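Enquirer: next come a sequence and a model predicted from it.
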Amino acid sequence: MNLSEVWKSAQVTHSYLEGVRAAIPLAAEQIDVLLRLLHANPRPITRFLDLGCGDGVLSAAILSAFPSAHATLLDFSEPMLHAARKRLVNSPHAAFLNLDYSDPTWPTHLNGPFDAIVSGFSIHHQPDPVKRRLYQQCFQLLAPGAMFLNLEHVSSPTPWLESIYDNLMIDCLHGLNPTQPRTAVESAYHNRPDKAANILAPLDAQLQWLRDAGFTHVDCYLKIFELALFGGRA
Ligand SMILES: C[S@@+](CC[C@H](N)C(=O)[O-])C[C@H]1O[C@@H](n2cnc3c(N)ncnc32)[C@H](O)[C@@H]1O
């Protein structure tokens, strides 16, 4: 079994949506910067794709900012898609697709071009050659001038920096569960079921893969240790 399939479990979905997502440091700023980029880009947002949408947190923010846009939310986890449908129940322009983007043929199931593709904390489960292929496929699915924005875990340059990130995350999780001893939160963090599915790649390499795919204005727009918002314009 592909390790990232842990996300198909209702329990993993629940614990991410109820706990981890709310604890992510700078979550509001990440969305703010993502929306600023989409607003600043001359290309109007009429159609966008959310890759590995989870409960649709990114799509919901984009639809609030661009209410007439049409959203395609793609995920391979039925419990996540259920949560996304629930969150966006009042959004007339949201479509949901159960699809595995590690299958090389996934773009053939979509009608491009899109005015933006976003992804949140999802692609890091793929081996590096698949990440590169995904960036190329996103480039092909985008209209000229459209943006790809990837909010992602990237590898830390050194174990020391990784440990600072881990401690920050444990503090944030503990802040959400202050009645639990920090040691219990720490142990749960280090033993989380999706951890084994992580294949983190360096930020610099990923920026280069985006340039190689043809993207311009490639940059990391916001970063706090392992969490980076990066992308480019097609
Ligand atoms: C950590 S969650 C993030 C959800 C949401 N994007 C967010 O920002 O909170 C990762 C999501 O990616 C989805 N995912 C992982 N691998 C996938 C794949 N190969 N194809 C489609 N979805 C995938 C998981 O099912 C899960 O919903």
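Expert: Structure's in. What do you need? Numbers count the residues shown, from 1 in each chain.

Enquirer: what is the burial count for Val33?
Expert: Counted by other Cβ atoms under 10 Å, the residues lying close to Val33 total 16. For the C-beta atoms, the positions are set from N, CA and C on the backbone; glycine is no exception.

Enquirer: Ala23 too?
Expert: By the criterion of other Cβ under 10 Å, Ala23 has 19 neighbours.

Enquirer: from the ligand, how far out is Thr183?
Expert: Going from Thr183 to the ligand by Cβ to the nearest ligand atom, to the nearest Å gives 25 Å.

Enquirer: for the chain, which segments count as strands?
Expert: For the chain, the strands identified by DSSP state E occupy 47-51, 70-75, 94-98, 114-120, 142-153, 216-224, 227-233, in order along the chain.

Enquirer: out of those strands, nearest to Ala28?
Expert: Ala28 lies closest, by Cβ to Cβ, to one member of these: strand 216-224, at 11.2 Å.

Enquirer: next, the angle from that closest one to strand 227-233.
Expert: Compare the direction of strand 216-224 with that of strand 227-233 by axes from the mean of the first three to the mean of the last three Cα atoms, to 10 degrees and you get 170 degrees.

Enquirer: quick check, distance from strand 216-224 to the centre of its chain.
Expert: 14 Å (Cα atoms, centre = their mean, to the nearest Å).

Enquirer: so what's the residue nearest to the spatial centre of the chain bridging to?
Expert: What sits nearest the mean C-alpha location of the chain, by Cα atoms, centre = their mean, is Gly120, with 1.0 Å. With DSSP bridges applied, Gly120 shows beta-bridge pairing to Leu151.

Enquirer: so it sits against Leu58, correct?
Expert: Yes: using Cβ atoms under 8 Å, Gly120 is in contact with Leu58, at 4.9 Å.

Enquirer: now the common contact residues for these two.
Expert: A shared contact of Gly120 and Leu58, defined by Cβ atoms under 8 Å, 6 or more residues apart in numbering, is any residue touching both; here these are Asp50, Leu151.

Enquirer: list the contacts of Lys223.
Expert: Val154, Leu203, Leu229, Phe230.

Enquirer: and for the closest residue to Arg133 other than its chain neighbours, the neighbour number?
Expert: The spatial neighbour of Arg133 that comes closest, neighbours along the chain excluded (Cβ to Cβ, 6 or more residues apart in numbering), is Pro104 at 6.7 Å. Taking other Cβ under 10 Å as the criterion, the count of residues near Pro104 is 11.

Enquirer: could I get the contacting residues of Leu227?
Expert: Per Cβ under 8 Å, 6+ apart, neighbours of Leu227: Ile24, Pro25, Leu26, Gln30, Leu151, Glu152, His153, Val154, Tyr165.

Enquirer: need the phi and psi values for Leu200.
Expert: Note on Leu200: its backbone torsions stand at phi -80, psi 140 [degrees, to the nearest 10].

Enquirer: that one against Tyr165, yeah?
Expert: No: under the criterion of Cβ under 8 Å, Leu200 is not in contact with Tyr165, lying 10.6 Å apart.

Enquirer: shared neighbours, these two?
Expert: Here Leu200 and Tyr165 have Ser156, Glu226 as joint contacts, going by Cβ under 8 Å, 6+ apart.
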